[in-house]
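Colleague: sequence and predicted structure below; questions after.
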Amino acid sequence: MASFENRQNESVPMQPAPILAFLLVAIPLLLAGPAFAADLCQEIENAAYEGDNEKILELIGQGADVNCQFPDGWTALMHAVYASRIATVRLLLEKGADAYMKKEDGVTAIDMAEAKRKLATSDSTIAEAGQMLNLFAEWEDGLLGWD
C-alpha cells in the first residue's frame, strides 16, 4: 500500500477507498450533466405551462435553470404567459426569470402578454393579460426578482 511521510516522519497509509467512492459517484454525474440539465429544462417548462408552482420550486431546488431555452427559444416564463398562469409568471419572475429573453423569432414573454391583450376576445382574457403586464412592469421596476 502506498504511504506518505507526515510531519512527525511517521509513515501513514493512504486511503484509496474514499477517492474511489468519490470517482464512482462523480464520473457518472459528469457524463450525465447535459442530459440531466435538458431533462430539468423540459420539466420546468412543462410545469410552467401547467401552472404547477410546487413542481417548479422542486425543480429549482434540483438545479433547474428558470431561463433555460429549447432550440426554438421558448422558456418556462413564455409557457406560463401562453397558458395564462399568472401565479406562475409571478413565481418565475421572483426566481430570476428574464422577461427579455427572445424566442428564435425575436418575441419575448412581455411581447406575448401584450399580444394576448391585443388579441383578446373576452374580458377575462384581457384582465389576465393586464395582470401579467403589471407583473412585468413590477419586474422592470425591480420590485420582483431574486428572492
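Modeller: It's in.
Colleague: dump the residue contacts of residue 60.
Modeller: 44, 66, 95 (C-beta atoms under 8 Å, 6 or more residues apart in numbering). For every residue, glycine as well, the C-beta is placed using N, CA and C.
Colleague: so how many other residues sit close to the nearest residue to the last one once chain neighbours are set aside?
Modeller: Excluding the flanking residues, the one nearest residue 95 by C-beta to C-beta, 6 or more residues apart in numbering is residue 66, at 5.1 Å. Around residue 66 there are 21 other residues, counting by other C-beta atoms under 10 Å.
Colleague: per-residue pLDDT, residue 136?
Modeller: According to the prediction, residue 136 has pLDDT 82.
Colleague: remind me which residues of this protein are low pLDDT?
Modeller: In the prediction, the chain carries residues with pLDDT under 70 at positions 1-37, 144-147.
Colleague: all strands for it, in order.
Modeller: Assigned by DSSP state E, the chain shows strands spanning 3-5, 11-13.
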